[in-house]
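Undergrad: Make a model of this:
(one chain, ligands or ions: 2)
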Amino acid sequence: MEPTAPITQDVMTIPRKTDDTGKRNLVGMTRDQLRDALIAVGTPEKQAKMRTGQVWQWIYQWGVRDFDVMTNLAKPYRALLAENFVIEIPEVVTRQISEDGTRKYLVRIAGGHEVEVVYIPEEGRGTLCISSQVGCTLTCSFCHTGTQKLVRNLTSAEIVGQIMVARDDLNEWPEPGTRKPDEARLLSNIVLMGMGEPLYNFENVRDAMLIAMDPEGIQLSRRRITLSTSGVVPEIARTAEEIGCLLAISFHATTDEVRDKLVPINKRWNIEELLKSLAAYPKVSNSERITFEYVMLNGVNDSVEDAHRLVDHIKRHKIAAKINLIPFNEWPGAPYKRSSNNRIHAFADIIHEAGFASPIRRPRGEDIMAACGQLKSETERARKSKRQIEAEAGLG
Ligand code: SAH
Ligand code: SF4
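TA: Ligands and ions are numbered 1, 2, ... in the order given. Here you go, the predicted structure:
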């Protein structure tokens, strides 16, 4: 399916503050790191806590990038900060707006790499889908990102910076000194469902999410942040303990044989091990169900037997779950087709009758290739060939 032309595409070049001056970027530092950085440039220890709180609030609550605007700091102190630090977020290269209102930003990070960030407006909320890596080292055979060879972990600054980029574009920073009520927010939810496997970049993802949750900053509740993983089992317990956000699992198959092909990390941690780790995910309650993501691939994982097996797995392990069915989003060279609507609905019915919520995810922003699994920096040159993709999917 050829994507139709985007409705609008404007190229924005936000001037980038030079980073070859050796100045450190304050964005992405934890509170402790920020405090240490301020002390290192001469902030008296006695004042460090207060100064950390003030600078933090300017950066994350009011979106200020210029030290001169930080009027509750003395002028010479502002100059000291400006001499030593920058407040820098990724640079927006392009912004596309879909006919359904979805916005896709291509942002550039250090080294000239590009990642995609997608904003999805919905009734009563707005979700930002952010990336954790450039590309992905895993090679799920249905995923566009997995065909991209080049990989590097994003820094915590680049991860939280994606949220700040969207807040800039949505013009959603409150006036300094004020707060925006939660219910009035355009950007109310975060999903770590962009490019990359977040649990292969655990520390940076954790630090960025703790910044996003901080009550004196971006202020997103942990219940409004969902981390999606393909199943890095040892890091799942850590996610509960150290981040405490909601969890989504890229489940996608009901037998190890099929899951080995679709989600190759299954060869390392199989379905049983994964289910055990999910059952143990602490803090699981009715309001904190684990989301099982299940991509619907025609003739591969969409049978009636699959639906029953899926339900059995979840029940056997007594996991509080909802199942999110994702119609496969095609991309150039993809070795699969989307299941028919009839199949998807029949599958959903079986799950629903078994007592689980089974929403079918409506593809958003397809016209701008912003839907799940379509993300891949277009400018990325290092790509795998169609043959390689098919061979890895076990189809070659
Ligand atoms: N790496 C993480 C998060 C990114 S992928 C993970 O795998 O969970 C976000 C979701 O989109 C995952 O469930 C992924 O399996 C799904 N996805 C990937 N490619 C897709 C495609 N082409 N169509 C539909 N969903 C896809
Ligand atoms: Fe990586 Fe997730 Fe895509 Fe798999 S589905 S290749 S883990 S981004």
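Undergrad: care to break this structure down by domain?
TA: Using automatic domain parsing, the domains assigned to the chain come out as 24-86, 91-392.
Undergrad: Any idea which of these gets closest to ligand 2?
TA: Shortest distance between ligand 2 and those, using CB to the nearest ligand atom, is found for domain 91-392: 2.9 Å. All C-beta atoms are positioned from the backbone trio N, CA, C, and that covers glycine.
Undergrad: wait, does the closest one make contact with ligand 2?
TA: Yes. Applying CB under 6 Å from any ligand atom, one finds that domain 91-392 is in contact with ligand 2 at 136, 138-140, 143, 145-146, 196-197, 230, 250.
Undergrad: returning to that earlier point: got a markdown table for the domains of the chain, with mean pLDDT too?
TA: Conversion of the domains of the chain to a markdown table gives the following (pLDDT from 0 to 100):
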| stretch | mean pLDDT |
| --- | --- |
| domain 24-86 | 97 |
| domain 91-392 | 89 |
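Undergrad: Most tightly packed of these?
TA: Among the domains of the chain, domain 91-392 has the highest mean neighbour count (mean count of other CB atoms under 10 Å), at a mean of 19.
Undergrad: returning to what we had before: how about the domains of the chain in TSV, adding distance to ligand 1?
TA: Output for these, formatted as TSV (distance: least, CB to the nearest ligand atom, whole Å):
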stretch	distance to ligand 1
domain 24-86	20
domain 91-392	2
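Undergrad: Next step: the residues of domain 91-392 next to ligand 2 restricted to strands.
TA: Counting by DSSP state E, the part of the residues of domain 91-392 next to ligand 2 found in strands is residue 250.
Undergrad: Mind putting the residues of domain 91-392 next to ligand 2 into JSON lines with distance to residue 301?
TA: Shown next, in JSON lines, are the residues of domain 91-392 next to ligand 2 (distance: CB to CB, whole Å):
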{"residue": "136", "distance to residue 301": "20"}
{"residue": "138", "distance to residue 301": "18"}
{"residue": "139", "distance to residue 301": "17"}
{"residue": "140", "distance to residue 301": "12"}
{"residue": "143", "distance to residue 301": "14"}
{"residue": "145", "distance to residue 301": "19"}
{"residue": "146", "distance to residue 301": "17"}
{"residue": "196", "distance to residue 301": "23"}
{"residue": "197", "distance to residue 301": "20"}
{"residue": "230", "distance to residue 301": "15"}
{"residue": "250", "distance to residue 301": "12"}
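Undergrad: between the residues of domain 91-392 next to ligand 2, which is nearest residue 106?
TA: Checking the residues of domain 91-392 next to ligand 2 against residue 106 by CB to CB gives residue 145 as the nearest, at 13.9 Å.
Undergrad: Just confirm that closest one contacts residue 135, I think it does.
TA: Yes. In this structure residue 145 lies within contact range of residue 135 using CB atoms under 8 Å: 6.4 Å.
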